[in-house]
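Participant: pasting the sequence and the predicted model now:
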Amino acid sequence: ERTGLLLRDASDSVVFLRLSSLRQISRAPVGWLDKGESWMDQILSVLLETPDSWGLGGLRQALTSTLALILLAGAIGGTLALLAALLLNERLRPGKWALVVRRSSEWLAAVPGVVWGGVGLGLLVWGAGAHLDALMGRGLTWGNGGLLWASITLGVLAAPLSLKRSMEALEEVPKQWRLVARSCGATRWQVLRMVVLPSAWRGLLGAWLSAFARAAGETAPLMLVGAVHSIGGDVLETGIRLPSLSGGFPHLGVLACDPPWSVLEAELGHPVAYLSIFVLTLLCVGFELTASTFLLEGRRRLAKEVEA
């Protein structure tokens, strides 16, 4: 910490450069092409490097945990929403109860994320996690939050939006097609497999991907179910491994909202915080654009089939 270099700048003032903060020494870039290449190299090094023991370096740990969280939460929420939409669409008749289910999904989608975080903290971390620790006798492991509880929390949070879009995609399939198939002797499963799913699969895929976009855009509930702001250590350890499902995990949004740097650096704005928000925004917008593309393409293709 006390080892460094004393450098004298052009104004004849002395600057102390700590060696622990020195990451790379290179010549100054010349020209726009050289500057652009140097800029991209710096961004990639921050994203792909592993933080060292001083908390300096890249975001590989936080980026890996964030990607794993989005994939797990989106898969959980999207799958639950698809199964619920298929069941409700086949079993629930139009009327009062169908309106109740639709309104309930809209209300649940409007619940703030921090409320879902409190529910996850009480039911999963303090409830299921504490019971698992008591059964296994390993101390405080699952009862301290983790990637698994955070994924389930975000999955349940994202399910109402995905359910609403899934039901809309299924309702766009004309009822006459189902009635014709049933009149020909087809069972409910055959109608679903041979009529409904081939016509609505694009919309259902878009609804499933919307759960990933919803999970990528949430940060507040993660602070209650295990996310930490420390960036020290390597989440991949030796070799390529997924982050641990139990214990604290870093997240790009939490790193930017609750930074581990000094108060002065946090107030002035740390470059890593801006990069974290930018990468998280790209993930969220990317998933949402992909989901919207499939939803619009499914509606367009289905409208053409109906006209034909």
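Facilitator: Perfect, thanks for sending it. Numbers count the residues shown, from 1 in each chain.
Participant: pull the distance from stretch 210-219 to the chain's centre.
Facilitator: How far stretch 210-219 lies from its chain's middle: 5 Å, per CA atoms, centre = their mean, to the nearest Å.
Participant: and if you look at stretch 159-175?
Facilitator: Computed by CA atoms, centre = their mean, the chain-centroid distance of stretch 159-175 equals 22 Å.
Participant: what is the mean pLDDT for that stretch?
Facilitator: Across stretch 159-175, the average pLDDT comes to 90.
Participant: with stretch 248-257 instead?
Facilitator: pLDDT averaged over stretch 248-257 gives 81.
Participant: endpoints of it, how far apart?
Facilitator: Counting by CA to CA, to the nearest Å, you get 16 Å between the two ends of stretch 248-257.
Participant: for the stretch 1-150 of the chain, which spans come out with low pLDDT?
Facilitator: Within the stretch 1-150 of the chain, the set of residues satisfying pLDDT under 70 comprises 1-5, 9-10, 15-32, 34-35, 37-39, 42-58, 93-95, 138-139.
Participant: give me that answer again for 50
Facilitator: Where the stretch 1-150 of the chain drops to pLDDT under 50, the residues are 1, 52-55.
Participant: can you give me the strands for it?
Facilitator: Assigned by DSSP state E, counting those that start in this stretch, the stretch 1-150 of the chain shows strands spanning 4-8, 14-18.
Participant: could you list the low-pLDDT ranges of the stretch 201-308 of the chain?
Facilitator: Within the stretch 201-308 of the chain, the segments meeting pLDDT under 50 span 231-241.
Participant: all the strands of it, residue numbers only.
Facilitator: 227-228, 249-250.
Participant: in JSON lines, list those strands along with distance to Pro112 and mean neighbour count.
Facilitator: Quick note: C-beta positions are derived from backbone N, CA and C, even for glycine. What follows is the strands of the stretch 201-308 of the chain, written out as JSON lines (distance: least, CB to CB, whole Å; neighbours: other CB atoms under 10 Å):
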{"stretch": "strand 227-228", "distance to Pro112": "17", "mean neighbour count": "24"}
{"stretch": "strand 249-250", "distance to Pro112": "22", "mean neighbour count": "26"}
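Participant: export the ones you listed as TSV, with columns for distance to Glu218.
Facilitator: Formatted as TSV, the strands of the stretch 201-308 of the chain follow (distance: least, CB to CB, whole Å):
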stretch	distance to Glu218
strand 227-228	11
strand 249-250	15
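Participant: closest one to Ala81 among these?
Facilitator: strand 227-228 (23.8 Å; CB to CB).
Participant: residues near Leu80, how many?
Facilitator: Using other CB atoms under 10 Å, Leu80 is surrounded by 17 other residues.
Participant: mind listing what it touches?
Facilitator: The contact partners of Leu80, taken as CB atoms under 8 Å, 6 or more residues apart in numbering, are Gly155, Val156, Ala159.
Participant: in strands, which of those fall?
Facilitator: Among the contacts of Leu80, DSSP state E puts none in strands.
Participant: in JSON lines: those residues, plus neighbour count and distance to Val101.
Facilitator: As requested, the contacts of Leu80 are exported to JSON lines (neighbours: other CB atoms under 10 Å; distance: CB to CB, whole Å):
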{"residue": "Gly155", "neighbour count": "23", "distance to Val101": "19"}
{"residue": "Val156", "neighbour count": "19", "distance to Val101": "16"}
{"residue": "Ala159", "neighbour count": "25", "distance to Val101": "13"}
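Participant: among these, name the ones in helices.
Facilitator: Gly155, Val156, Ala159 (DSSP state H).
Participant: and these as a markdown table, adding distance to Met136?
Facilitator: Formatted as a markdown table, those follow (distance: CB to CB, whole Å):
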| residue | distance to Met136 |
| --- | --- |
| Gly155 | 24 |
| Val156 | 25 |
| Ala159 | 29 |
